[in-house]
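Undergrad: structural data only, the sequence is not supplied:
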């Protein structure tokens with residue numbers, strides 16, 4: 001993660017020294033995440049708890065969370081830019097109820113990452129469709145809360161692919177992004193604002 005951050009800083013340091021101020025921009029906005037949890041994943045949790053000695057277990061999730069991203073970009077040409085940023089992946093909440101004994105468990109998974117991507121734009125600076133692809137360096141933590149208290153533990157970290165598509169109009173944008181995380185993935189719909197400086 002430190003290597004990715006250092007690379008982003010070097011790229012933008014060089015870019016700012018080379019390009020005029022109007023060639024750089026910042027962006028940021030809210031993102032609605034879908035974490036890709038399937039019913040089979042929830043059944044695996046239930047089966048594991050029953051194997052521990054509970055009589056039954058029922059697990060539910062709304063499979064969504066609200067996060068955000070912020071970042072900087074530099075236009076290398078009219079149709080291509082490099083971007084680097086920070087993304088908050090929001091919070092996935094999974095609730096489980098057990099019997100024999102009765103217990104209510106809440107698992108909250110939170111995470112964040114650094115992103116670096118190339119952006120290919122179709123259109124002009126005020127109105128364009130774009131596709132982007134790159135890497136995100138991520139970290140996830142989990143907090144489990146039960147009747148006897150709570151515990152927070154790191155769940156993992158890594159660097160994987162991410163990509164997205166979007167549309168910009170008068171500095172506002174709408175986007176769909178897809179993130180690979182180990183053997184899984186999640187996605188987001190976002191809205192935000194982009195400002196040249």
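TA: Thanks, I have the structure now. Treat the numbers as computed from the prediction; the structure is a model and nothing was measured.

Undergrad: ok, now which ones touch the residue with the largest distance to the centre of the chain?
TA: Note on the chain: the largest C-alpha distance from the chain mean falls to residue 100, namely 37.2 Å (Cα atoms, centre = their mean). By Cβ atoms under 8 Å, 6 or more residues apart in numbering, residue 100 lies in contact with 53-56. In this view, the C-beta of every residue, glycine as well, is placed from N, C-alpha and C.

Undergrad: please indicate which of those residues are buried?
TA: If you count burial by 16 or more other Cβ atoms under 10 Å, the buried members of the contacts of residue 100 come out as residue 54.

Undergrad: show me which of the contacts of residue 100 is closest to residue 104.
TA: residue 54 (12.0 Å; Cβ to Cβ).

Undergrad: check which helix or strand covers that closest one.
TA: Of the helices and strands defined by DSSP states H and E, none includes residue 54.

Undergrad: on that earlier part again, next, the residue farthest from the centre of the chain: phi, psi?
TA: Per-residue torsions, residue 100: phi 60, psi 60 (degrees, to the nearest 10).

Undergrad: ok so, going back, quick check: the farthest pair among the contacts of residue 100?
TA: Of all pairs in those, the most separated under Cβ to Cβ is 53 and 56 at 11.3 Å.

Undergrad: leaving out chain neighbours, which residue sits closest to the most centrally placed residue in the chain?
TA: Computing the C-alpha centroid of the chain and ranking residues by Cα atoms, centre = their mean puts residue 89 first, at 3.8 Å. Spatial nearest neighbour of residue 89, excluding adjacent residues (Cβ to Cβ, 6 or more residues apart in numbering): residue 111 at 4.3 Å.
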